[in-house]
Structure formats: C-alpha cells, structure tokens
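A.B. asks: pasting the structure only:
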C-alpha cells in the first residue's frame, strides 16, 4: 500500500542498491589500476628494449608481459558478469562504451607486442600506443567517479582518478626524460612539453590531496619529501632548463629511469591504500544504510504518528491550530521525511562540489571533440593541437579549451556541435 | 564473453532500461499534473466558500472534492507498484522522499477538509495549506526533471515543470487578487507580492517556451493573445498599481476570479499537450533504441572487423603502419565505439545545458535550507524571509538566495552547512 513510510523505505532500498553498485564499480577501479600500473612498467621496459635494438631488457620484458596478461585476465574476469547483468553497475549506458573502447585496445595488444618483438616499430610509436590504451583505462575510472551518486564515495573515486592520472603523467615523464637523455638534447618545444608533464602531475596530485584523507596525504607527502626527490629534481633541472644546444649526457638516462621508477613504484603503494580505503568506505556505507533500513522497517510494525503536514501552513497566519493538530513531541513520519530530504539535499550539494573538480577534464574533452569534428582531426591530433597552443601562449590547457568552446559558434561546421 | 561489441550491446540495454524508467516517470508526472489542477480548483472554490461563510459554492466544492479524490486515487494507483519494485523508476533514492512528503499531505487532506467544512479556518489558512501540498507535488516533478538522463526527455520534463509551476503562480495570483478585491485594498507589501506573482509566472512560462516545441509555443502564445488578456490586465492594473488607500470595488472580485479561471483552464489544455508529447517522445526514443540494439545484436552473428586501435597512435609518428594494420573501409567495432562515445558526450553536454535551467530553483532551495538550519525557521518562514528581502531590495529571489549562500561561512552555526 502506498504509505509515506513505505516510500521512505523504498528510497532507502534504492540507496542500498546504488551503494552496492558503487562498491562493485570501486572494486573494478582497483582492478583496472593494477593493470594500468603493469602496462606503465611494460611501456618503460619496452622503450629500453626498443631503444637498445632488442639488446637490453628482453627477459624483463617477457616477465612484464606475463604480469600484464595476468592482470588483464583479472580485469576480464571482473567485466565478464556485466555483459549479461548490466545493472550490476550504475550508469552502464555511459560506463560501458568506455569499457568497450578499452577492450578494443586490449584485443589489439598481442599484435602490438608482436611488432615490438620484431623490432618493427620505434619507441615513439610504442609509447604512443601504450599512452592511448592507458588513457582509455583512465577514462573508465573518470566515468566511474563522475557517475557516482554518493558524495563520500565520489570523493574517493575523484582522489583515486587524480592519483592514477598523476601517476600516468609521471610515467610519461619517465619515458620522455629517458628518451631526451638518450637523444642528448631537447629543443624548446620538448622542454616545454617536459615542464607541461611536471605541472600536470602536480595539479593531479594536488587534487588527490584535496579529496583524500589525512593518512594517505601524509603518506604521500612523506614519499615526496625533498630528500627522496633531490636526485630527480637535479636531473629534471639538467634536462629541461639547460639552454638549447646543450648536449645531455646519455649516461644519465638509466639513472633517470631508475629514479622515476622508484618514485612510481612508491606511488603504487598509495594507490593500493586508496583502493583499500574505498573498499572499506563502501562496506561501512552499505552496513549503515542497511541498519537504517531495518530501523525504518521496524517502524512499520508500530503505529508511528504521521505528523501534522499542514501545521506550518496554519502557523503562518495568526490562527491557533485546531484541536488535535498540536505538534507531536515524538518523531513523526513527517519529521523523518523532512530529515531524509535535508540529508539528500546536503548530499547533493556535496556531490556537486566534488564533481565540479572533474569539469576541467570535461572541458578539455569537449574542446577536443569539437576540434575533431570541425577539423577532421584524430583524438591525438586534437589533443596535440590544444597542448601546443597552450604551450605557445603560455596558458593552461583548460583555458585554451574554454576559448575553443567559446569560439564554437564561429566555427564553419556549426551543425555537428551538440545543440 | 567480454567482447567489445558485447559491452556496446550492454550499454544499449542500459539505455533502454533508463528510457523505460523515464517513460514511467513521465507517465507519473502527467498523473500528478491532473491532481495538481484539481487541487488548484478546489483551493479557489474553497476560498469563495470560506469567504462567504459557507453560503456560496457549497455544491461546487463537494463536486470538486469528489474530483480531487478520484485523481488522488489515480496517483495512488500509479505509485502503488513502486514500493515493492522501486527500480521501476530511475533515481528512486531522491524521488521517493518527495513522494513520501506528498503522501503525508494527501493523508492530511481529509482532516483539512473537515475543518473547512466546519468553517473553523479562514481562507488564508486554507490557501496556505493547498499551496504547501501543491508545492510538494511540484517538487516531485522537479526531481523527475532533474534526474532524467536523456536530454530530449529532460528538456520536455523541464518544460512541463516550468509550465506547471507557472500555472501554480497563476493560481496563487487568482486567490491573491480575489482576496484583495474582496478586502477592498492593498498595502505596499501586498502590491509588491502581487507583482512578484506576475513576474514569477512570466519567468516560468519563458522557460517553458524555451524548452518546449514550436506547436505548443504557438498554442500558448495564441492563448495569451492581448485580446484574451485585456480584461485581466485591466483588473491587474486596478489591483496592483492604484495608490495606497484606494478602495477597490469588491464586485470586481468574481469578475477577476472568472477571468483567471478561464486562463488557468486554458493552460490545462496545453499541459495535457505537453504530457501527450512527452509520452510520444518516450515511445519514439524506446523504439529507436530497441532498433539500434537489434542492429548491434545482429552484428554479433557476423564477424565484424575490430578496427585498428593503435592506428592513430602509430600515425602520429612518421612510421608506415605494418602489414595488416591498414584502416578498414567498412565500419569497424572501433568506429562504432567511437560513435557511441561521441553521441554520449553530445547527449551529456546537452543534458548539462538543460539542467542548468533548474539551478535557479536549487539555489533558492539551498538558501532556504540554510536559513531553516541557522535561524530555526520553518520552510514557509524561510521562503517568506527570502521573498520579503527580495521585495524590499527590489532584487530577484535567486539573487537574494545567492547572497545568502555567499554569506553562509559568516553565519554562526557553520557546522550544519554541508561540508
């Protein structure tokens, strides 16, 4: 029967459903994170392998490929039940196309590895391929963070996404720097790109710190203590601030690579911590919601006072409430309804705040999409164009993206822009 | 098995699920709209009944109460299956507390009507009570519009909400004006409040026009043609622009009431049109999504080319693609994935635009919540305070609400504001 309390209970059941879905999404995000880490290592090792004409790191590479395959298998096992039961996760309509994209990349990996094995591609092509696949994996995490309906869980997913994205920039910096030292020098654009990778990392880790908790923040800051980073900072300074024409010492390349790798491996410990905290949080939230559901259900057996819906309307005027319309001292169903509404509003406000931090990336994605449509560019080309413009004009990527969007109406093919 | 195409299909299934849920929500919104209309009539008739000391409109009132009960029954029948199967609608966690609130109001209606029958309350108290219940019903429609995940359906729900809200302001204006003519005059604050009701209507109908389609917009504009409104505008001018102290002719009250009622009844035809369009739109969308799902499913039987995931990454550098990595001329799964992603992004952008129009109300609700928490006000008192400030300062309600929120950090009880 359609009672007010019945709908409060139904609302709680929906919340528990959503939390169950979010717990599964969070679990998937953790599994994806471990695959990303393995692919980042494979990318680094592969670069050395290709750079040395197959002389170095052949065994390491074989071991790392095996590790990647195992982690890929874990991802596939986690994805498997979703095809037949898409409601296991929330927001499948938006999440699953991202998953489909990632599966395309994973399916294409064996062929890529065969080309690497045969030394038929160079480190640049290989790096670009891994960057693309990892970007696809991170897009799944982003979508999960953006689609989360619980502000506390959303907060952690945002922290997690930013940490993973920061770590990916660190991985790209490792590859970029290693190549620069090997090459023996940087031109202006390359130095700019290196600085861009450093700034991008810092912005991501800043957001991670904002949305994470004290414990993980402290752990992160300890791992980034000056003493830990001194050597890396020295190499960064040599690599990206020496004037054009300076010849870099190729022997610094392995030193750089190892320093970066230690830093990135230390990051993995924090990412595991994030995944653990997220899991624990989901567990606590579900437990709490179930307890509240039981409390509500128990009330159904009792005769709870409905509350006086029109009391406020009456009290607005000077009339005294009629007999039987006095305010209840006990907690009425009406009070419970109002509490629930207030709680949901507070949650929603908080959710908007957390999601706002994801807007920057969305703006960049939208601008990329616009450039792809209007200039017939690939995604990579569109991104490169934005990044190049940002570097040339010494502006932030997101500001350039904003300008592109603001100009959308003036672009020739207005029809393909979303109405 | 976790194939890329499998996830594209799963994403489509999720979309169809969401559309089915939205169709049910839209159906419910239509049913709620008809109850709102009946309650608005009951409010108007009750005012005359109470104002005449029970002498006038007794029979009309009895008939209208019967109509309301029938429409309430339709609402309850529509709500009934949701308690046991909350997933029939999307976003139940946020929608159902609003429904629970409405049910509180409907459950309290018989007692309110008994007090009206006994002439134990005045028209002001009765009006405030109906206003409160109707606001609760509109809040369900608002939540439905805000929670919709399809931009086209969201657009119509936003049009519908704004039309219903505008119509409610028109109903409040009818009651307010009728009382003013009966009373024989308006003070400054009352004149301000009358003007506020006119402005609020116009803003709502403006948004309705923005989000509706050509046909309904034309129909609306025809119903608002100067010839139709001339008499009403004359009475508005007399009522709210004559200097303080002017005695209004009480005989104008029924004239005013009938003019307003004709206008509001004409609105109902447009609201029915909105509900019809919304239903048809949901039907078309579901049909279209099902057809696309079948197309995808048919592809599973064929061997669709996966597409070359790493082609772009490779083409960024000068290397020629290796044998077997040429671009496919046929539509590959990868292209389908990219199309789907672009489509979803365009939909999401559009959805953000539509939802932005709902922000104004959210800001006002947030400010009200803040005042309720900090000043221990009832919802009505908080709203009155905002409205009064807006009138005193000659600012828009939303601007006052923004100021309140901006001052939140300076309010003494900062702890109860959402983090």
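C.D. replies: Yes, it's here. A quick note: this is a predicted structure, and the numbers were derived from the prediction, not measured. Numbering: from 1, shown residues only, chains lettered A, B, ... in the order given.
A.B. asks: the helices in the stretch 101-250 of chain A, which residues?
C.D. replies: For the stretch 101-250 of chain A, the helices defined by DSSP state H, counting those that start in this stretch cover A:123-147, A:151-183, A:188-211, A:214-223, A:226-241.
A.B. asks: list the buried residues of the second one.
C.D. replies: When you say that, I think you mean helix A:151-183. Using 16 or more other C-beta atoms under 10 Å in any protein chain shown as the test for burial, helix A:151-183 gives A:151-182. Quick note: C-beta positions are derived from backbone N, CA and C, even for glycine.
A.B. asks: ok so, going back, so which of the helices of the stretch 101-250 of chain A is nearest chain B?
C.D. replies: Chain B lies closest to helix A:123-147 among those, at 3.7 Å (C-beta to the nearest C-beta).
A.B. asks: other SSEs contacting the closest one?
C.D. replies: helix A:4-51, helix A:92-117, helix A:151-183, helix B:311-315 (3 or more C-beta pairs under 8 Å, 6 or more residues apart in numbering or on different chains; DSSP states H and E).
A.B. asks: mean pLDDT for those helices: which is lowest?
C.D. replies: The stretch with the lowest mean pLDDT among the helices and strands packed on helix A:123-147 is helix B:311-315, at a mean of 58.
A.B. asks: moving C-terminal from that one, which element do we reach first?
C.D. replies: Going down the chain from helix B:311-315, the next helix or strand is helix B:333-356, by DSSP states H and E.
A.B. asks: got any ranges where chain A has weak pLDDT?
C.D. replies: A:1, A:312-330, A:409-419 (pLDDT under 70).
A.B. asks: what's stretch A:278-288 in contact with?
C.D. replies: For stretch A:278-288, contacts defined as C-beta atoms under 8 Å, 6 or more residues apart in numbering or on different chains pick out A:16, A:19-20, A:22-23, A:26-27, A:29-30, A:150, A:152-153, A:156-157, A:160.
A.B. asks: and if you look at stretch A:183-196?
C.D. replies: Stretch A:183-196 is touched from outside by A:173, A:176-177, A:180, A:236, A:239-242, A:244-248, A:250, A:387-388, A:390-391, with contacts defined as C-beta under 8 Å, 6+ apart.
A.B. asks: out of the residues you listed, which are close to chain B?
C.D. replies: Counting by C-beta under 8 Å from any C-beta of the partner chain, nothing from these sits close to chain B.
A.B. asks: tell me how far the residue positioned nearest the centre of chain A lies from residue A:358.
C.D. replies: By C-alpha atoms, centre = their mean, chain A has its centre lying nearest to residue A:161, at 2.3 Å. To residue A:358, residue A:161 is 8 Å away according to C-beta to C-beta, to the nearest Å.
A.B. asks: and what of residue A:96?
C.D. replies: 19 Å.
A.B. asks: more neighbours, those two?
C.D. replies: A count of neighbours by other C-beta atoms under 10 Å in any protein chain shown puts residue A:96 above the other of residue A:96 and residue A:358, at 30 against 19.
A.B. asks: for the residue lying closest to that one once chain neighbours are set aside, give me its contacts.
C.D. replies: Nearest residue to residue A:96 in three dimensions, chain neighbours excluded: residue B:11, at 3.6 Å (C-beta to C-beta, 6 or more residues apart in numbering or on different chains). Taking C-beta under 8 Å, 6+ apart as the contact definition, residue B:11 lies against A:86, A:92, A:93, A:94, A:95, A:96, A:97, A:100, B:340.
A.B. asks: measure the residue lying closest to residue A:20 once chain neighbours are set aside to residue A:26 for me?
C.D. replies: Sequence neighbours aside, residue A:286 is the residue nearest to residue A:20 in space, at 6.5 Å (criterion: C-beta to C-beta, 6+ apart). For residue A:286, the distance to residue A:26 equals 11 Å [C-beta to C-beta].
A.B. asks: between the two, who's got more neighbours?
C.D. replies: residue A:26 (24 against 16).
A.B. asks: what residues does the stretch 51-200 of chain A put near chain B?
C.D. replies: Residues of the stretch 51-200 of chain A lying near chain B by C-beta under 8 Å from any C-beta: A:76, A:79-80, A:82-83, A:86-87, A:91-101, A:103-105, A:107-108, A:111-112, A:115, A:120-122, A:124-125, A:128-129, A:131-133, A:149.
A.B. asks: hmm, who's touching stretch A:104-112?
C.D. replies: Contacts for stretch A:104-112 (C-beta under 8 Å, 6+ apart): A:68, A:72, A:75-76, A:126, A:129, A:132-133, A:136, B:4, B:306-310, B:324-325, B:333-334, B:337.
A.B. asks: and these, which are buried?
C.D. replies: Judged by 16+ other C-beta under 10 Å, buried ones among those: A:68, A:75, A:126, A:129, A:132-133, A:136, B:4, B:306-310, B:325, B:333-334, B:337.
A.B. asks: burial of the residue nearest to residue A:360 when sequence neighbours are not counted, as a residue count?
C.D. replies: The shortest distance from residue A:360 to any residue other than its chain neighbours is 4.7 Å, reached at residue A:398 (C-beta to C-beta, 6+ apart). Neighbour count for residue A:398, taken as other C-beta under 10 Å: 18.
A.B. asks: ok, now which ones touch residue A:398?
C.D. replies: Residues in contact with residue A:398 (C-beta under 8 Å, 6+ apart) are A:360, A:363, A:364.
A.B. asks: ok, of those, which one's closest to residue B:220?
C.D. replies: residue A:363 (35.6 Å; C-beta to C-beta).
A.B. asks: right, and that closest one touches residue A:401 too?
C.D. replies: Yes: Residue A:363 is within contact range of residue A:401, at 4.8 Å (criterion: C-beta atoms under 8 Å).
A.B. asks: quick one: which of the two has more around it?
C.D. replies: Set side by side, residue A:363 and residue A:401 show more neighbours around residue A:401, with 25 against 18, by other C-beta under 10 Å.
A.B. asks: tell me the angle the helix or strand containing that one makes with helix B:333-356.
C.D. replies: Following DSSP H and E, one finds residue A:401 within helix A:397-406. Helix A:397-406 and helix B:333-356 meet at an angle of 80 degrees, taking axes from the mean of the first three to the mean of the last three C-alpha atoms, to 10 degrees as the criterion.
A.B. asks: quick check: buried residues in helix A:397-406?
C.D. replies: So for helix A:397-406, counting by 16+ other C-beta under 10 Å, buried means A:397, A:398, A:400, A:401, A:402, A:404, A:405.
A.B. asks: and which of those is nearest residue A:382?
C.D. replies: The closest of those, once distances to residue A:382 are taken by C-beta to C-beta, is residue A:404, at 9.5 Å.
A.B. asks: do me a favour and get the end-to-end distance for stretch A:138-155?
C.D. replies: Its first and final residues considered, stretch A:138-155 spans 16 Å by C-alpha to C-alpha, to the nearest Å.
A.B. asks: distance to residue B:206 for the helices of the stretch 101-250 of chain A - can I get that in a markdown table?
C.D. replies: Compiled in a markdown table, these are given as follows (distance: least, C-beta to C-beta, whole Å):
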| stretch | distance to residue B:206 |
| --- | --- |
| helix A:123-147 | 31 |
| helix A:151-183 | 33 |
| helix A:188-211 | 38 |
| helix A:214-223 | 47 |
| helix A:226-241 | 54 |
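A.B. asks: those: which one's closest to residue B:375?
C.D. replies: That would be helix A:151-183 among the helices of the stretch 101-250 of chain A, by C-beta to C-beta, at 25.3 Å.
A.B. asks: could you chop chain A up by domain?
C.D. replies: A:4-285, A:359-416 (automatic domain parsing).
A.B. asks: tell me which of those domains sits most buried.
C.D. replies: Stretch with highest mean neighbour count among the domains of chain A: domain A:4-285 (a mean of 19; mean count of other C-beta atoms under 10 Å in any protein chain shown).
A.B. asks: so residue A:164 touches residue A:140, yeah?
C.D. replies: No: with contact defined as C-beta under 8 Å, residue A:164 does not reach residue A:140; the gap is 10.5 Å.
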